[in-house]
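*Asks:* Turn this into a model:
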Amino acid sequence: MNSDKMQIAKALVDSGAVKINLVDLFTWTSGIKSPVYCDNRLLIGFTDYRNAVVEALIAKTSEFGEYDYIAGTATAGIPWASILADRLAKPLCYVRSEPKAHGAGKQVEGNLEPGKRVLLVEDHFSTGGSSINSAEALWKEASANVVGVLAITSYDLLKMKMKMEEAQLSYASVLTFADIANYAKETGLINEAGVGQIADFLNSLN
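*Replies:* Numbering: from 1, shown residues only. Next up, the predicted model:
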């Protein structure tokens, strides 16, 4: 695992954004019992970790070619999209999870000009549903060309990859949970069996 990935994995674990417990499993909102928990919103409260993650995201943007706007998915993608737009001097917009129930009934907020190329920013990939929903809204409301979706972390699920490919959406994340499990092993948080337990759990979600 290279030093850049190690730095981001350390930021995720030390900030509490990623938690691993192979015995006392976490209960997700869906009721699923999991050895891992991810809440990247915690990162925004740590200046050094936040800056490290932003630099890693900026480096990843090169994988998507040229784009005109940066869009954040509501709500957890908005802070990262905002910082990236500021650092890269790009216009910003964001996408609601569903159209506004009153007023203009918009799902996309911001001065997004029709036909522009948009880089969509998430905090985390699970099944890919929110990314696809947001990309569809950008196309429907502004005929936007979504060049891809960028996230900090990903469960790297097969069903997410299949959905993204079906939707013809390019995607990339700074780290997968396989990377994080390897970091945890290298730093003594878990052993090889723990890496396998996490991999088996994530495979069970497919």
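
*Asks:* can you give me phi and psi for residue 99?
*Replies:* Backbone torsions of residue 99, given as degrees, to the nearest 10, read phi -60, psi 150.

*Asks:* thought it was touching residue 109?
*Replies:* No: taking contacts as Cβ atoms under 8 Å, residue 99 lies outside contact range of residue 109: 10.7 Å. (Glycine included, C-beta is placed from N, CA and C.)

*Asks:* Who has more neighbours out of the two?
*Replies:* Neighbour comparison, residue 99 and residue 109: the larger count goes to residue 109, with 18 against 14 (by other Cβ atoms under 10 Å).

*Asks:* nearest spatial neighbour of that one, skipping sequence neighbours?
*Replies:* Nearest non-adjacent residue to residue 109, counting by Cβ to Cβ, 6 or more residues apart in numbering: residue 94, 5.4 Å away.

*Asks:* Against residue 204, how distant is the one you found?
*Replies:* Relative to residue 204, residue 94 is positioned 33 Å away (Cβ to Cβ, to the nearest Å).

*Asks:* same deal with residue 157?
*Replies:* Distance from residue 157 to residue 204, counting by Cβ to Cβ: 10 Å.

*Asks:* of the two, who's got more company?
*Replies:* Using other Cβ under 10 Å as the criterion, residue 157 and residue 204 rank with residue 157 on top: 19 against 9.

*Asks:* Contact partners for that one?
*Replies:* 125-127, 202, 205-206 (Cβ atoms under 8 Å, 6 or more residues apart in numbering).

*Asks:* ok, now residue 137?
*Replies:* 95-96, 99, 107-108.

*Asks:* so which pair among those is furthest apart in space?
*Replies:* Pairwise distances among the contacts of residue 137 were taken by Cβ to Cβ; the largest, 10.2 Å, belongs to 95 and 99.

*Asks:* what residues are shared contacts of those two?
*Replies:* Overlap of the contact sets of residue 95 and residue 99 (by Cβ under 8 Å, 6+ apart) consists of 107, 137.

*Asks:* Identify the residue spatially nearest to residue 194, adjacent ones excluded.
*Replies:* The shortest distance from residue 194 to any non-neighbouring residue, by Cβ to Cβ, 6+ apart, is to residue 22 (5.2 Å).

*Asks:* and what of residue 85?
*Replies:* Counting by Cβ to Cβ, 6+ apart, the residue nearest residue 85 is residue 92, at 3.8 Å.

*Asks:* cool, residue 36 as well?
*Replies:* Looking at residue 36 with Cβ to Cβ, 6+ apart, the closest residue is residue 20, at 5.6 Å.

*Asks:* ranges for the strands of the chain?
*Replies:* Applying DSSP state E to the chain gives strands spanning 18-20, 26-27, 33-34, 36-38, 69-73, 92-95, 108-109, 117-121, 124-125, 145-154, 171-176.

*Asks:* Okay, buried residues for the last one please.
*Replies:* In other words, strand 171-176. Of the residues in strand 171-176, 171-176 count as buried by neighbour count, 16 or more other Cβ atoms under 10 Å.

*Asks:* One more: the fourth one?
*Replies:* Buried positions in strand 36-38, judged by neighbour count with 16+ other Cβ under 10 Å: 36, 38.

*Asks:* outside of that strand, which residues touch it?
*Replies:* For strand 36-38, contacts defined as Cβ under 8 Å, 6+ apart pick out 17-21, 26, 28, 124, 153, 177, 180, 198, 201.
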